[in-house]
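In: mind looking at a prediction? Sequence and model below.
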Amino acid sequence: MQQSKLLELLRRLDRRQLARVGEAVLSPFFNKNEDIARFYQHLLRFAPTFNQPELAKVIVLNNLKLAKPLDERRLQYLMSDLVALVENVLAIDRLECDEPARLILLAQTLAEVDLPDRARQTLGRIADFFGKNQSWSADRLEQSFAVAKLEFFLSDATRRAFEPTLQTANDQLTEFFLSEKLRLLTAIANHEQMFIVQYRHGWEDALLDHIGDEYKHPLLRLWLFAYRLTCHDLVDDFQALKDLLMTEASLLVKTDVIALTTIALNFCTRRINRDADERFYGEYLDLYKLLIDHNFILKNEQISPSLYQNLVTVGLKTEDLPWTRQFIEKFHSHLPEESAESMYAYNLGHLFYHEKKYKDAQQALARVEFRDPLLSISARSLLIKIYVETDQDDLLFAALEAARVWLLRNQAVTAGLRRQFQKFVEMTGKMARLLPKDHAGATLLLEKLPPPTEVLHRDWLAAQLKQR
């Protein structure tokens, strides 16, 4: 029974939703079967996990006392009926939270029972709601079309003149259709590029050429720029998408902000990694600041360690040190508990290193636990840089040997990263063994530096060798 649809559904409900279901099973409007109420009260004892051994079917059959005798077939009926009741509660809750959708349904019903004046009054309430609650979303466009269609339905069919409600309904349908079409076309373009597959295309490409000029709705323009950027990878489309996102994000729903920002972020990443265009570090950080300002980077109140470290690195790359320090402190408490202190200490050390506060950096890095392979490589590399730049030769050679031994013993590191770190350790060791003012040796070693794909921190190695 633990694998049943019923318990799988109940596990997804929060405390408020479980309470709402509890109210529904006791309400004659939702439920007239007292055994369903008893059954739900029995199950509720095992919330919120609903995976205890006592929920095995044979145990429930033996322990659940109902008005009518319980057998396996009757238990199945009870489970099916309770699933239907829970789904009804979820649907009603969703409708109650969506005032325009509720009012549209009411207006449609009033029109169908031939109460046109009441229906018009309800449409007026929807217009008031839209006026007070601005939003650019596909749902809002769909609701606007539904309202316009109802207004045309309620208009005077005998009038032999231009009917503005008909024009409005047509325009609203076009905007809703195009917003959804552009969203899907963007997904198709992305799939075709990522998975080397081909989708069937129709008349869309010819139509898209005219959208930008004829339709000014921000949501349409955002998805048009996103589609063009996905297809053509042009800076102009990126800039148009980013600029519009920055001005309209507060009116977009969370899913659209995240989806559109991700498309822009992926473009920045391509420009940085593929074209070595460091201007896009700033663009990348601006986009993440947008997500942070709208509280869109946390999942279940946590930030992923890799994102935390990545944003600190980008903050340092762009020299936005006040923001970087504030970010490190603000999101420290949102890191997963098992890695929070080490990740915080490493990134604080990285900031201190960037500020050339080497002693503070070493003290921070001393608190890093080298359990995670990626964090271990990052911290070891940073310590090695500090020892080189502060002429702590004894500590440097000890750190290089410790890194070499760690690589031999640790099999969790991927082959590519292992090779890059190994080469960094090797080249740093050769550089450290050069005699003072051995310009010829430094020049020869600089010429032998592998490409960035083969060695970590190549730019740092090159800069150090040029100073020798």
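Out: Okay, I see it. Residues are numbered from 1 along each chain as shown.

In: could you chop the protein up by domain?
Out: Domain segmentation of the chain under automatic domain parsing yields 5-97, 370-468.

In: tabulate the ones you listed (a markdown table), appending mean neighbour count.
Out: To be clear about C-beta, it is placed using only N, CA and C from the backbone, and glycine gets the same treatment. Shown next, in a markdown table, are these (neighbours: other Cβ atoms under 10 Å):
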| stretch | mean neighbour count |
| --- | --- |
| domain 5-97 | 14 |
| domain 370-468 | 16 |
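
In: for residue 324, which of those is the nearest?
Out: Nearest of those to residue 324, taken as Cβ to Cβ: domain 370-468 at 15.1 Å.

In: what pLDDT, on average, does the closest one get?
Out: Domain 370-468 shows a mean pLDDT of 95.

In: try stretch 123-132
Out: Computed over stretch 123-132, the average pLDDT equals 97.

In: in that stretch, which residues are buried?
Out: 123, 126 (16 or more other Cβ atoms under 10 Å).

In: over to stretch 251-271?
Out: So for stretch 251-271, counting by 16+ other Cβ under 10 Å, buried means 251-252, 256-261, 263-265, 267-268, 271.

In: before we move on, what about stretch 277-293?
Out: Going by neighbour count (16+ other Cβ under 10 Å), the buried part of stretch 277-293 is 280, 281, 283, 284, 285, 286, 287, 288, 289, 290, 291, 292.

In: and the first one, how far from residue 65?
Out: When you say that, I think you mean residue 280. 67 Å (Cβ to Cβ, to the nearest Å).

In: and after whichever helix in the chain runs longest, which helix or strand comes next?
Out: Identified as the longest helix of the chain according to DSSP state H is helix 164-195. Remark: after helix 164-195, the chain's next helix or strand is helix 204-214, criterion DSSP states H and E.

In: show me what the helix or strand following that following helix is packed against.
Out: Next in sequence after helix 204-214, counting helices and strands by DSSP H and E, comes helix 218-232. Contact partners of helix 218-232 among helices and strands, from 3 or more Cβ pairs under 8 Å, 6 or more residues apart in numbering; DSSP states H and E: helix 164-195, helix 204-214, helix 235-248, helix 254-275.

In: what's the angle between the third one and helix 204-214?
Out: This points to helix 235-248. 50 degrees (axes from the mean of the first three to the mean of the last three Cα atoms, to 10 degrees).

In: any buried residues in helix 235-248, and which?
Out: Under 16+ other Cβ under 10 Å, the buried positions of helix 235-248 are 237, 238, 240, 241, 242, 244, 245, 248.

In: you'd agree the second one is up against residue 232?
Out: No - between residue 238 and residue 232 there is no contact under Cβ atoms under 8 Å: 10.1 Å.

In: sorry, back to before: okay, the helices and strands packed on helix 218-232 in TSV with distance to residue 54 and mean pLDDT next?
Out: Converted to TSV, the helices and strands packed on helix 218-232 look like this (distance: least, Cβ to Cβ, whole Å; pLDDT from 0 to 100):
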stretch	distance to residue 54	mean pLDDT
helix 164-195	45	94
helix 204-214	56	73
helix 235-248	51	97
helix 254-275	39	97
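
In: what's the closest of these to residue 90?
Out: That would be helix 254-275 among the helices and strands packed on helix 218-232, by Cβ to Cβ, at 18.8 Å.

In: chain center to the next helix or strand after that closest one: distance?
Out: Where DSSP H and E defines the elements, the next helix or strand beyond helix 254-275 is helix 279-293. Its chain's C-alpha centre and that of helix 279-293 lie 14 Å apart, by Cα atoms, centre = their mean, to the nearest Å.

In: next: stretch 306-326.
Out: 19 Å.

In: and if you look at stretch 435-446?
Out: Taking mean C-alpha positions (Cα atoms, centre = their mean), stretch 435-446 and its chain are 48 Å apart.

In: tell me the buried residues in stretch 142-160?
Out: For stretch 142-160, by 16+ other Cβ under 10 Å, it's 142-154.

In: just the closest of these to residue 368, please.
Out: Looking across the buried residues of stretch 142-160 and measuring by Cβ to Cβ, the closest to residue 368 is residue 142, at 50.8 Å.

In: secondary structure element for that closest one?
Out: For residue 142, the host element (DSSP H and E) is helix 138-153.

In: can you dump the C-alpha atoms of that helix in CSV for me?
Out: The C-alpha coordinates for helix 138-153 follow below in CSV (Å, rounded to 0.1, in the frame of the first residue of the first chain):
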residue,chain,number,x,y,z
ALA,A,138,0.4,33.2,-20.6
ASP,A,139,-2.3,32.6,-18.1
ARG,A,140,-3.2,36.3,-18.1
LEU,A,141,-3.3,36.4,-21.9
GLU,A,142,-5.5,33.4,-22.0
GLN,A,143,-7.8,34.9,-19.4
SER,A,144,-7.9,38.2,-21.3
PHE,A,145,-9.0,36.3,-24.4
ALA,A,146,-11.7,34.4,-22.4
VAL,A,147,-13.0,37.7,-21.1
ALA,A,148,-13.0,39.3,-24.6
LYS,A,149,-14.8,36.3,-26.1
LEU,A,150,-17.5,36.5,-23.4
GLU,A,151,-17.9,40.2,-24.0
PHE,A,152,-18.5,39.5,-27.7
PHE,A,153,-20.9,36.7,-26.8
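
In: same for that helix, what does it pack against?
Out: Using 3+ Cβ pairs under 8 Å, 6+ apart: helix 138-153 touches helix 99-112, helix 116-132, helix 164-195.

In: of all those helices, which lies closest to residue 300?
Out: Among the helices and strands packed on helix 138-153, helix 164-195 sits nearest to residue 300 (Cβ to Cβ), with 25.6 Å.

In: about what we covered before: in a markdown table: the helices and strands packed on helix 218-232, plus distance to residue 397.
Out: Formatted as a markdown table, the helices and strands packed on helix 218-232 follow (distance: least, Cβ to Cβ, whole Å):
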| stretch | distance to residue 397 |
| --- | --- |
| helix 164-195 | 45 |
| helix 204-214 | 62 |
| helix 235-248 | 46 |
| helix 254-275 | 33 |
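
In: which stretch among those helices comes nearest residue 76?
Out: Per Cβ to Cβ, nearest to residue 76 of those: helix 254-275, 36.8 Å.
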